[in-house]
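# the following block contains a protein sequence and its predicted model.
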Amino acid sequence: MVPTHMFLTRGVGVHKEKLAAFEQALRSAGVAYCNLVSVSSILPPNCKILPRKRGEKLLNPGEITFCVMARSETNERNRLISASIGLAIPTDRDTYGYLSEHHAYGETDEESGEYTEDLAAQMLATTQGIEFDPDVAWKEREQVFKMGGKIVRTLNITQSAVGRPNRWTCVIALAVFIPTENIPKSLRNKA
């Protein structure tokens with residue numbers, strides 16, 4: 001089973017109970033009705049990224065749904081938390097790419113997002129034989145990766161929030177793989 005379609009989503013939940021905050025974050029992300037199974041960091045060859053709303057419509061309540069998930073939570077007042085998924089998509093779509101997840105304290109959306117993009121790009125670059133200096137800033141490495149011609153695009157989806165008093169705050173970011181049998185024939189045949 002190799003997924004051919006996926007979508008990105010994120011959410012935040014706040015509740016006095018930790019598990020309920022996670023449930024609210026899943027609802028906010030539009031995937032609370034699925035049984036989520038976390039997988040590691042490979043973006044399958046030729047996997048198409050759908051808009052969130054379109055992807056959500058292709059899931060069924062209760063089904064086993066594979067995803068890459070980043071999750072962070074706190075019950076500390078004013079503590080900044082973030083969860084981020086980064087993608088590195090190869091130029092040759094017949095090869096695989098990378099997804100990375102990151103869970104952080106004290107990082108903004110931008111900081112966590114850049115970190116996950118960088119991490120995914122580094123993982124892909126090492127498999128593609130692209131040489132780079134890991135100590136150079138992400139923006140400079142990003143140009144090296146893209147000019148090398150083997151990484152076409154990087155992106156991220158990130159959610160951050162600040163902890164509230166006497167409440168749990170949970171943030172999640174997900175890359176959700178759509179079960180192959182749920183993909184309509186009209187989408188399967190598109191190049």
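In hand now; what should we look at?

# might you list the low-confidence residue ranges for the protein?
Residue ranges of the chain with pLDDT under 70: 132-152, 189-191.

# in it, which helix is the longest?
helix 109-128 (DSSP state H).

# where's that helix relative to the chain centroid, distance-wise?
12 Å (C-alpha atoms, centre = their mean, to the nearest Å).

# against which helices or strands is it packed?
strand 80-90, strand 97-105, helix 138-147, strand 151-162 (3 or more C-beta pairs under 8 Å, 6 or more residues apart in numbering; DSSP states H and E). Where C-beta positions appear, they are placed from N, C-alpha and C, glycine not excepted.

# most neighbours per residue, which of these?
strand 80-90 (a mean of 26; mean count of other C-beta atoms under 10 Å).

# which strands border that strand, and is each parallel or antiparallel?
Strand 80-90 has its sheet partners listed here by DSSP bridges as strand 97-105 (antiparallel), strand 151-162 (antiparallel).

# need those strands in a markdown table with distance to Ile64, can you?
Formatted as a markdown table, these follow (distance: least, C-beta to C-beta, whole Å):
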| stretch | distance to Ile64 |
| --- | --- |
| strand 97-105 | 19 |
| strand 151-162 | 22 |
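
# out of those strands, which comes closest to Glu63?
Among the strands paired with strand 80-90, the nearest to Glu63 by C-beta to C-beta is strand 97-105 (20.7 Å).

# most distant residue from the centre of this protein?
Using C-alpha atoms, centre = their mean, the residue of the chain lying farthest from its centre is Asn166. It sits 28.8 Å away.

# that one and Lys16 touch, don't they?
Yes - with contact defined as C-beta atoms under 8 Å, Asn166 reaches Lys16; the gap is 6.8 Å.
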